[in-house]
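Asks: A structural model of the following input is requested.
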Amino acid sequence: MVGGVSLPFVVVESGPAALADARGELVSRGWAVHPSRLDGGPGTVWATTVADSVAAAEVVLAAVAGFALLVEATAPRDVLDALCDDLRRLGILDHRVEEPAAPLSHDEHALLRLLSEGATLGAAATTLHLSRRSADRRLAAARAALGAESTSAALAAYRRRIERLPAP
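Replies: Residues are numbered from 1 along each chain as shown. Model prediction:
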């Protein structure tokens, strides 16, 4: 926690789709995701890959220094277990080991974020510079990706997904 704000520590072991989904969730919560620690600052998440113990140690040091993290985990199991244990000691860890059935696109995240904040579908479409029909199609795709039969069920599932991640 830095300045009263809980930092996200997200470790993804389950492939590129899950990594893209985690990135989209962070962005939808207001975080800026950068591939370099040098781009860091308040509201910034460092996106990196951990393939060995040296990279894992660098990530832990960055977490101690106050960096939020999005980690693509490709290291051996013992290295990843130690990394996750260390990050849990420093804050809340969102450790993703299963590939999502269907990750949400950036556009679907944006639409669901607006709807979850109380916007109507028409207002959300206007904000996103979409036709109402395009917004309807994106909402239907998001419902399918979340396995929801209704918009309210999709919004509830979306809220559960993003509540794991703190806002900047």
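Asks: quick one: Val45 is in a helix?
Replies: No: applying DSSP: H, G, I helix; E, B strand; the rest coil, one finds Val45 to be strand, outside a helix.
Asks: Next up, phi/psi of Leu69, please.
Replies: Dihedral pair for Leu69: phi -130, psi 140, per degrees, to the nearest 10.
Asks: go on, Ser105?
Replies: According to degrees, to the nearest 10, Ser105 has phi -80, psi 170.
Asks: pLDDT score assigned to it?
Replies: For Ser105, the model assigns a pLDDT of 87.
Asks: so it makes contact with Gly24?
Replies: Yes: using CB atoms under 8 Å, Ser105 is in contact with Gly24, at 7.3 Å. In this view, the C-beta of every residue, glycine as well, is placed from N, C-alpha and C.
Asks: more crowded one of these two?
Replies: It is Gly24, of Ser105 and Gly24, that has more neighbours when counted by other CB atoms under 10 Å, with 21 against 16.
Asks: residue contacts, that one?
Replies: Shown in contact with Gly24 (CB atoms under 8 Å, 6 or more residues apart in numbering): Pro103, Leu104, Ser105, His106, His109.
Asks: from those, which would you call buried?
Replies: Among the contacts of Gly24, the ones that count as buried by 16 or more other CB atoms under 10 Å are Pro103, Leu104, Ser105, His109.
Asks: which among these gets closest to Ala154?
Replies: Taking CB to CB as the measure, Leu104 is the one of these closest to Ala154, at 10.0 Å.
Asks: Test my guess that the closest one contacts Leu112.
Replies: Yes: here Leu104 lies in contact with Leu112, judged by CB under 8 Å, at a distance of 7.2 Å.
Asks: for the helix or strand bottoming out on mean pLDDT in the chain, packing partners?
Replies: Here the helix or strand of the chain ranked lowest by mean pLDDT, DSSP states H and E is helix 151-163, holding a mean of 82. Contacts defined by 3 or more CB pairs under 8 Å, 6 or more residues apart in numbering; DSSP states H and E place helix 151-163 against helix 16-28, helix 106-116, helix 132-146.
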